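Asker: Attaching a predicted model along with its sequence, questions to come.
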Amino acid sequence: MHSELNAMAGRLAALADFEPPAGGWRAVLAARDAREARLDRRWPLALAAAALVATVGIAARLQSAQDALEAGLEVDHPVRPRVAAGMRAENERLESILARLPERRAMRGSTAFTVAELEDRIAFLDDRLSRAALEPNAPERAERLWRERVDVMHTLVQVRYADAIGAY
């Protein structure tokens with residue numbers, strides 16, 4: 001390694017002296033500024049093109065919905081997701097169990113933290129479920145969110161039950 005560095009240093013020392021051109025650095029800066037000015041002009045054009053594409057897509061979707069209505073066909077629009085009745089029933093059962101569990105005035109810090117995390121996760125999932133009907137793949141997404149909510153509810157009931165049993 002040391003010999004390679006010495007050889008490299010020798011080759012560099014053998015190079016002829018180089019004087020940069022008089023306006024060299026200014027030319028580099030001017031070229032950079034010109035390139036940035038071209039890029040600055042491209043952003044508005046790209047945004048305008050994206051807006052045009054979105055507008056055409058929305059107009060086409062509205063026109064196809066209008067054509068379907070005029071033809072008497074059912075229009076594909078966001079509907080409340082149809083989630084399996086068993087999953088909703090399981091969620092209601094877990095909510096009922098949770099409501100019947102005694103509230104403790106004092107619990108271990110780690111348990112309180114876990115309960116708070118699980119309750120925050122449920123609130124997040126509820127928010128996502130309320131918006132799922134507005135999404136194009138709403139039924140599949142809602143089904144996944146409900147499954148996740150029931151899983152989190154199971155965990156919350158287990159933690160709260162274990163805490164309640166530990167109090168006695």
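Answerer: Ah, there it is.
Asker: secondary structure class for the residue positioned nearest the centre of the chain?
Answerer: The geometric centre of the chain, computed from its C-alpha atoms, lies nearest to Arg128 (Cα atoms, centre = their mean), at 11.5 Å. Look at Arg128: counting by DSSP: H, G, I helix; E, B strand; the rest coil, its state is helix.
Asker: ok, Arg128 to Leu12 distance?
Answerer: Distance, Arg128 to Leu12, by Cβ to Cβ, to the nearest Å: 62 Å. Every C-beta, even on glycine, is put in place using the N, C-alpha and C of the backbone.
Asker: and the residue lying closest to Val152 once chain neighbours are set aside, what element?
Answerer: Nearest in space to Val152, with sequence neighbours left out and distances taken as Cβ to Cβ, 6 or more residues apart in numbering, is Arg121 at 5.1 Å. Taking DSSP states H and E as the definition, one finds Arg121 inside helix 109-132.
Asker: other SSEs contacting that helix?
Answerer: helix 138-166 (3 or more Cβ pairs under 8 Å, 6 or more residues apart in numbering; DSSP states H and E).
Asker: Give the buried residues for the helix it packs on.
Answerer: 138-139, 141-143, 145-146, 148-150, 152-153, 155-157, 159-160, 163 (16 or more other Cβ atoms under 10 Å).
Asker: what is the mean pLDDT for it?
Answerer: Averaged over helix 138-166, pLDDT sits at 84.
Asker: relative orientation of that helix and helix 109-132 in degrees?
Answerer: Orientation note: helix 138-166 sits at an angle of 160 degrees relative to helix 109-132 (axes from the mean of the first three to the mean of the last three Cα atoms, to 10 degrees).
Asker: circling back to that earlier point, please look at the residue nearest to the centre of the chain and Trp146 and confirm they touch.
Answerer: No - counting by Cβ atoms under 8 Å, Arg128 sits too far from Trp146 to count as a contact (10.3 Å).
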